[in-house]
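>>> please work out how this folds:
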Amino acid sequence: MNSDEFLTQIKTHADQYSIWIEPINRLRKSFVPKKYLSYNDLKHMELAVDEAEAKQKAAHDLPSKIFDFIDENYVDYLGFTQDECETIIASFYGNLDFEILLFRYTNRAIEELELTGEKVWFLRGLVSSSLENCGLDYRDFFGALSDLFQSAKKHGVNPIDSFRQVAAISSRDKPRGYKTSVSKIMMDYVHDVEYRDKYRPTKG
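Modelled structure (predicted):
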């Protein structure tokens with residue numbers, strides 16, 4: 001798949017997901033007018049949202065279709081140029097719902113990496129992080145990167161080269177969720193790890 005085909009398909013998925021998630025968003029917003037949500041209110045909202053999402057998936061499981069798209073095409077993304085990846089990311093910029101879904105994919109990749117130790121899940125998680133482009137809270141983004149890195153390392157997968165590879169194709173533009181680009185965030189993370197390893201005091 002070339003970058004134009006990837007862009008067309010992921011933009012279509014993003015637009016479709018905005019429509020798919022709308023009834024669930026309306027349900028969630030129906031709880032917001034209350035000045036104060038008790039613990040029971042929150043649990044009731046979570047249950048109602050979970051049930052609504054389950055019904056949506058039973059009728060049309062679009063999230064799984066999007067996850068399958070990333071599963072099957074992450075290698076193509078890794079082969080695109082930085083300019084091509086930036087164009088892809090820009091095609092759904094500001095689509096918060098889709099960025100949340102991409103972050104959920106990243107968490108799924110972390111879980112699968114923990115369970116299997118397979119490098120494929122490490123790479124998929126890096127690709128979804130690049131696509132999500134720190135559009136949400138930077139603390140969540142940094143936490144996910146750290147979890148990917150540490151889990152890969154624990155399972156004997158050298159994470160540094162892959163971090164550099166994805167940093168080199170990720171966006172150079174300032175994201176909504178942080179003050180520096182995702183490309184720089186990933187590269188700085190590697191530099192920090194290498195610095196700590198180099199100057200970590202040796203025992204004895």
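
>>> same for the strand or helix carrying residue 23, what does it pack against?
According to DSSP states H and E, residue 23 maps onto helix 3-29. For helix 3-29, the packing partners by 3 or more CB pairs under 8 Å, 6 or more residues apart in numbering; DSSP states H and E come out as helix 39-59, helix 62-78, helix 82-90, helix 96-116. Yep, even glycine has a C-beta here, placed from its N, CA and C like the rest.

>>> spatially central residue for this structure, please.
residue 103 (3.2 Å; CA atoms, centre = their mean).

>>> which residue packs closest to that residue, ignoring adjacent ones?
residue 132 (5.4 Å; CB to CB, 6 or more residues apart in numbering).

>>> residue 165 too?
residue 78 (6.7 Å).

>>> count of neighbours near the one you found?
Neighbour count of residue 78, defined by other CB atoms under 10 Å: 16.

>>> got it, and residue 186?
Counted with other CB under 10 Å, the neighbours of residue 186 add up to 24.

>>> equivalent analysis for residue 93, please.
As a burial measure, residue 93 scores 15 neighbours (other CB under 10 Å).

>>> now do the contacts for it.
133, 135 (CB atoms under 8 Å, 6 or more residues apart in numbering).

>>> look up phi and psi at it.
In terms of degrees, to the nearest 10, the main-chain angles of residue 93 are phi -60, psi 130.

>>> measure it to residue 196 for me?
Residue 93 is 33 Å from residue 196, where distance means CB to CB, to the nearest Å.

>>> ditto for residue 117
According to CB to CB, residue 117 and residue 196 sit 24 Å apart.

>>> those two: which has the busier surroundings?
Applying other CB under 10 Å to residue 117 and residue 196 shows that residue 117 carries more neighbours, namely 15 against 9.

>>> list the contacts of that one.
155, 156, 157.

>>> same question for residue 6.
The contact partners of residue 6, taken as CB under 8 Å, 6+ apart, are 73, 76, 77, 80, 88.

>>> what's the neighbour count on the residue nearest to residue 103?
Neighbour count for residue 132, taken as other CB under 10 Å: 25.

>>> next one: the one 10 residues further on
By the other CB under 10 Å criterion, the neighbourhood of residue 142 contains 15 residues.

>>> please name the nearest non-neighbouring residue to it.
Excluding the flanking residues, the one nearest residue 142 by CB to CB, 6+ apart is residue 185, at 7.5 Å.

>>> what about that neighbour, neighbour count?
Look at residue 185: counted by other CB under 10 Å, it has 23 neighbours.

>>> for residue 177, give its distance to residue 135.
Taking CB to CB as the measure, residue 177 falls 6 Å from residue 135.

>>> compare the two (neighbour count), which wins?
Using other CB under 10 Å as the criterion, residue 177 and residue 135 rank with residue 135 on top: 24 against 19.

>>> same list, the contacts of residue 117, but as TSV with pLDDT and distance to residue 13 please.
TSV is the format used below for the contacts of residue 117 (pLDDT from 0 to 100; distance: CB to CB, whole Å):
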residue	pLDDT	distance to residue 13
155	96	30
156	95	33
157	94	28
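
>>> now do the same contact list for the nearest residue to residue 100 once chain neighbours are set aside.
The shortest distance from residue 100 to any non-neighbouring residue, by CB to CB, 6+ apart, is to residue 136 (6.7 Å). Neighbouring residues of residue 136 by CB under 8 Å, 6+ apart: 96, 99, 100, 103, 177.
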